[in-house]
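Novice: just to be clear, the model below is a prediction. Sequence and coordinates:
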Amino acid sequence: MLSGPSGVGKGTVVAAVRRRYPHVWVSVSVTTRSPRPGETDGVQYRFVDTAEFSRLVERGDLLEYAQFAGNYYGTPRGPVEQRLEQGIPTLLEIELHGARQVRGTMPQAQFVFLAPPSWAELEARLAGRGTESPEVIKSRLAQATIELAAQDEFDCTVINDDVEHAAQELVRLIESANGPVA
Ligand code: ADP
Ligand code: 5GP
């Protein structure tokens, strides 16, 4: 289970894991947010409308879900349970509230916090990505302060200085975990 503030590089590190360690299965979340340029439905996320998201919640199809910066995000339960039963190394990339829900239902999971080398670098990455308006960046940075303060709730921290290095460290942690979820 990987968490960390918006802009730290979670998506980039997870993409590196997919590329370099294809034996690790990465959960695809559902979200009500619109796709960013370069994002493909079914790859980074399954993009749904609010009505469909509510249906998934009502049916109990989500392992966890949360609202973040004005949109909903959730983890489809079935595919995760299937991989865990098969003993496949599994990676979820979710924000703090979702991580706390998973902590309650899957205490054997390993909780990894991805941290920026510095606050200034986090701001620079978020702004540099160029995918959000100044208002949304402000809201995500406010949320980042809360997420950074919760770092101690996690089993360990990986600093995203270099993408390949962070991906390698993350996979090492997944493979050293008792449970198959990292
Ligand atoms: P998140 O998924 O955590 O919100 P992203 O993966 O979208 O973050 O990364 C935010 C920005 O930071 C992107 O423009 C990405 O290219 C850049 N980035 C990610 N990791 C690094 C790194 N180790 N060094 C420099 N830039 C990075
Ligand atoms: P973004 O919009 O930048 O892709 O993601 C915003 C936040 O939502 C990030 O912190 C990301 O980790 C989190 N997120 C992505 N998928 C899920 C999910 O399925 N559940 C939860 N709780 N958070 C998620």
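Specialist: Cool, got the structure. Ligands and ions are numbered 1, 2, ... in the order given.

Novice: which outside residues touch stretch 139-159?
Specialist: Stretch 139-159 is contacted from outside by 3-8, 68-70, 95-96, 99-100, 103, 110-117, 122-123, 126, 132, 166, 169-170, 173, using C-beta atoms under 8 Å, 6 or more residues apart in numbering. For every residue, glycine as well, the C-beta is placed using N, CA and C.

Novice: and if we set it to 6 Å?
Specialist: Residues outside stretch 139-159 that contact it (C-beta atoms under 6 Å, 6 or more residues apart in numbering): 5-6, 69, 96, 110-115, 166, 169-170.

Novice: start and end of it, how far apart?
Specialist: 23 Å (C-alpha to C-alpha, to the nearest Å).

Novice: that stretch - what's its average pLDDT?
Specialist: Across stretch 139-159, the average pLDDT comes to 95.

Novice: quick one: which of the contacts of stretch 139-159 sit in strands?
Specialist: In this view, the contacts of stretch 139-159 that belong to strands under DSSP state E are 112-115.

Novice: what's the farthest-apart pair in the residues you listed?
Specialist: Greatest spacing in these, by C-beta to C-beta: 112 and 115 (10.0 Å).

Novice: could you export the contacts of stretch 139-159 as JSON lines, including pLDDT and distance to ligand 1?
Specialist: Conversion of the contacts of stretch 139-159 to JSON lines gives the following (pLDDT from 0 to 100; distance: C-beta to the nearest ligand atom, whole Å):
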{"residue": "5", "pLDDT": "94", "distance to ligand 1": "7"}
{"residue": "6", "pLDDT": "93", "distance to ligand 1": "4"}
{"residue": "69", "pLDDT": "88", "distance to ligand 1": "10"}
{"residue": "96", "pLDDT": "94", "distance to ligand 1": "13"}
{"residue": "110", "pLDDT": "90", "distance to ligand 1": "19"}
{"residue": "111", "pLDDT": "93", "distance to ligand 1": "16"}
{"residue": "112", "pLDDT": "95", "distance to ligand 1": "13"}
{"residue": "113", "pLDDT": "97", "distance to ligand 1": "12"}
{"residue": "114", "pLDDT": "98", "distance to ligand 1": "7"}
{"residue": "115", "pLDDT": "98", "distance to ligand 1": "11"}
{"residue": "166", "pLDDT": "97", "distance to ligand 1": "7"}
{"residue": "169", "pLDDT": "95", "distance to ligand 1": "12"}
{"residue": "170", "pLDDT": "95", "distance to ligand 1": "12"}
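
Novice: and ligand 2, which of the residues you listed reach it?
Specialist: residue 6 (C-beta under 6 Å from any ligand atom).

Novice: no further queries at this time; thank you.
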